[in-house]
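[1] only the shape, not the letters, is given here:
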């Protein structure tokens, strides 16, 4: 059983930055690919970014490419999402997710086995 707890969300203005963190417990963190997804009100959950087990590979949604950076610290069982140049359309609940059997770096939510409770990010214009 893997537990994921996100933190770092908040209310910011357009152009500001936030750094989300996800603390993992249970299982072997370094064996899991990790992803970030988000869900805005009235919309489906969408992929944001993912990182491979050792952090050597990353992928991003086109909408955040160049503004967001995913990273992980396997010694601390944490994954981060640095979000710069935030836009009002980035407003959503952000979820951390773990893929326990990562054959590839997936952008599909169904691939991920465990999810955090989410953290709200609100960007005002």
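    The structure has been received and is ready for your questions. Only a predicted model underlies this, so the values are computations on that prediction, with no experimental measurement involved.
[2] centroid-nearest residue for this protein?
    Closest residue to the average C-alpha location of the chain: residue 36 at 2.2 Å, with Cα atoms, centre = their mean.
[3] what about residue 36, helix or strand, and which?
    Residue 36 is part of strand 33-39, with elements assigned from DSSP states H and E.
[4] quick one: mean pLDDT for that strand?
    In this model, strand 33-39 has a mean pLDDT of 98.
[5] list the contacts of it.
    Identification of contacts with strand 33-39 by Cβ atoms under 8 Å, 6 or more residues apart in numbering yields 20, 22, 24, 45-53, 70, 72, 79, 81, 90, 92-99, 102, 105-107, 109, 112, 118, 121. Bear in mind the C-beta positions are built from the backbone N, C-alpha and C, glycine included.
[6] what about stretch 73-93, how long is it end to end?
    The first and final residues of stretch 73-93 sit 23 Å from each other (Cα to Cα, to the nearest Å).
[7] I figured residue 19 hits residue 9, correct?
    No. Under the criterion of Cβ atoms under 8 Å, residue 19 makes no contact with residue 9, lying 10.0 Å away.
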